[in-house]
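**Student:** Task: produce atomic coordinates for the following.
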Amino acid sequence: MSTSYSKPMRLIAVTGPTGAGKTTFINKVCGSKLREGVSMHSCTDRVQIARWAMANQDIIMIDTPGFDDTTRSRADILRDIARFLEQTYEKGRKLDGLIYMHRISDNRVGGIARENFGLFTKICGDEAMRIVSIVTTMWEFVPEQVGASRELELKQKTIFFKDAIDHGARMERHFNDEASAKMIVMSFLQTGPQTLQLQKEMVDDHKLLPETAAGTQLQIHLQNEAESYRKQLQDQRSQLSAALAAQNAAHQEEVQELKEANQRLHERLSKVQLDMRKLLDESTRDTAWRRTMGQMGRIGRRKVFRLSRDAHVEYRGWNCFDIFNFDN
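**Tutor:** You can find the predicted model right below:
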């Protein structure tokens, strides 16, 4: 059953690492009851939405999974985000705001977190940074002076958020209350909607996901991870060979530990290799479809998407954001 909106509608997407408070933030803005994680296991394994009905317009908050989701691969997550953005753009919808949440309570930003923020910026593109807000959370868990010092470092260092800020993104604080959450969201009402780089690449330029800036970036990350795991496996094989050659009781425990570590590395490498195959398989599946769509006009593509609505809902399920329910 479709929902009709007569008031102007603003779309604001929220993303960030698991545990940063994405779903909690949306629930405070909308008074909704989206599923929240109670540990580092993500509840946002699919896109969720909530609505804040204001007097003169509707704010649609879109809760998206982070790339560090505990239950799904980065290739799967990028694919779902890409499909959502692609279909939204095909329907003539653009995002009015993107919120990237970051825990100020983290005393360091690791390599994986930096890589994931890099993927986020590749999805957005430099032009869309004007509708991006980097929202810091968990201020209640750090002294003000410590938090302010970390915030300044995040703003000023290129390896963190400086480039995004230089291109128009802003940093704001969320204090885990309704007032600060709504103030952040209302700041987007002063800016117009923006096409994201990924939308331009996939819809306007008819690129396949692996050919986009975000897809290329993810491939580089996965290739680097795979190479790192291969090197670690090679080192461990040498250590294991030396321990086995010793053939004495003192090395029995070491041998067992090395075998277990070796198994864990094999599992991680297999996971990364599967991620790479998924990303490339997406290209294979979409090639014929995308060529056909590229030869059609915008109206023709819209008709195809309308005809595919029922199949889309059946395949994706109602837990996902369904763009077909947002016709005015």
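**Student:** where exactly do the strands run in this structure?
**Tutor:** Secondary structure of the chain (DSSP state E): strands at 9-15, 48-53, 58-63, 97-103, 132-137, 170-173.
**Student:** Format these as JSON lines; extra columns: distance to residue 240 and mean pLDDT.
**Tutor:** Yep, even glycine has a C-beta here, placed from its N, CA and C like the rest. Shown next, in JSON lines, are the strands of the chain (distance: least, C-beta to C-beta, whole Å; pLDDT from 0 to 100):
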{"stretch": "strand 9-15", "distance to residue 240": "41", "mean pLDDT": "93"}
{"stretch": "strand 48-53", "distance to residue 240": "46", "mean pLDDT": "88"}
{"stretch": "strand 58-63", "distance to residue 240": "45", "mean pLDDT": "92"}
{"stretch": "strand 97-103", "distance to residue 240": "38", "mean pLDDT": "96"}
{"stretch": "strand 132-137", "distance to residue 240": "44", "mean pLDDT": "97"}
{"stretch": "strand 170-173", "distance to residue 240": "48", "mean pLDDT": "97"}
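**Student:** out of the ones you listed, nearest to residue 272?
**Tutor:** Proximity to residue 272, assessed across those by C-beta to C-beta, is greatest for strand 9-15 (22.0 Å).
**Student:** now for the closest one, which elements pack on it?
**Tutor:** helix 22-30, strand 58-63, strand 97-103 (3 or more C-beta pairs under 8 Å, 6 or more residues apart in numbering; DSSP states H and E).
**Student:** Need those in JSON lines (columns: distance to residue 77 and mean neighbour count).
**Tutor:** As requested, these are exported to JSON lines (distance: least, C-beta to C-beta, whole Å; neighbours: other C-beta atoms under 10 Å):
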{"stretch": "helix 22-30", "distance to residue 77": "13", "mean neighbour count": "22"}
{"stretch": "strand 58-63", "distance to residue 77": "13", "mean neighbour count": "22"}
{"stretch": "strand 97-103", "distance to residue 77": "15", "mean neighbour count": "24"}
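**Student:** Tabulate the ones you listed (a markdown table), appending distance to residue 172.
**Tutor:** Below are those laid out as a markdown table (distance: least, C-beta to C-beta, whole Å):
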| stretch | distance to residue 172 |
| --- | --- |
| helix 22-30 | 11 |
| strand 58-63 | 16 |
| strand 97-103 | 9 |
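**Student:** of all the ones you listed, which lies closest to residue 87?
**Tutor:** strand 58-63 (12.6 Å).
**Student:** between the closest one and strand 9-15, how big is the angle?
**Tutor:** 20 degrees (axes from the mean of the first three to the mean of the last three C-alpha atoms, to 10 degrees).
**Student:** what's the closest non-adjacent residue to the most centrally placed residue in the chain?
**Tutor:** Nearest to the mean C-alpha position of the chain, by C-alpha atoms, centre = their mean, lies residue 66 at 4.0 Å. What sits nearest to residue 66 in space, not counting adjacent residues and going by C-beta to C-beta, 6 or more residues apart in numbering, is residue 17, at 4.8 Å.
**Student:** If you count neighbours, what's buried in stretch 161-178?
**Tutor:** 161, 164, 165, 167, 169, 170, 171, 174 (16 or more other C-beta atoms under 10 Å).
**Student:** Among the residues you listed, which one sits closest to residue 246?
**Tutor:** residue 161 (50.0 Å).
**Student:** Tell me which residues touch that closest one, please.
**Tutor:** 117, 134, 154, 155, 169, 171 (C-beta atoms under 8 Å, 6 or more residues apart in numbering).
**Student:** bridging residues for the second one?
**Tutor:** When bridges are assigned using DSSP bridges, the partners listed for residue 134 are residue 100, residue 171.
**Student:** Next up, the contacts around it.
**Tutor:** 100, 102, 154, 161, 164, 165, 169, 170, 171, 172.
**Student:** Tell me where the stretch 151-300 of the chain is predicted with low confidence.
**Tutor:** Scanning the stretch 151-300 of the chain for pLDDT under 70 picks out the ranges 247-251, 282-300.
**Student:** And the helices in it?
**Tutor:** Assigned by DSSP state H, counting those that start in this stretch, the stretch 151-300 of the chain shows helices spanning 162-166, 178-186, 197-199, 213-246, 252-294, 298-307.
**Student:** JSON lines for the strands of the chain, including distance to residue 244?
**Tutor:** Below are these laid out as JSON lines (distance: least, C-beta to C-beta, whole Å):
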{"stretch": "strand 9-15", "distance to residue 244": "47"}
{"stretch": "strand 48-53", "distance to residue 244": "51"}
{"stretch": "strand 58-63", "distance to residue 244": "51"}
{"stretch": "strand 97-103", "distance to residue 244": "44"}
{"stretch": "strand 132-137", "distance to residue 244": "49"}
{"stretch": "strand 170-173", "distance to residue 244": "54"}
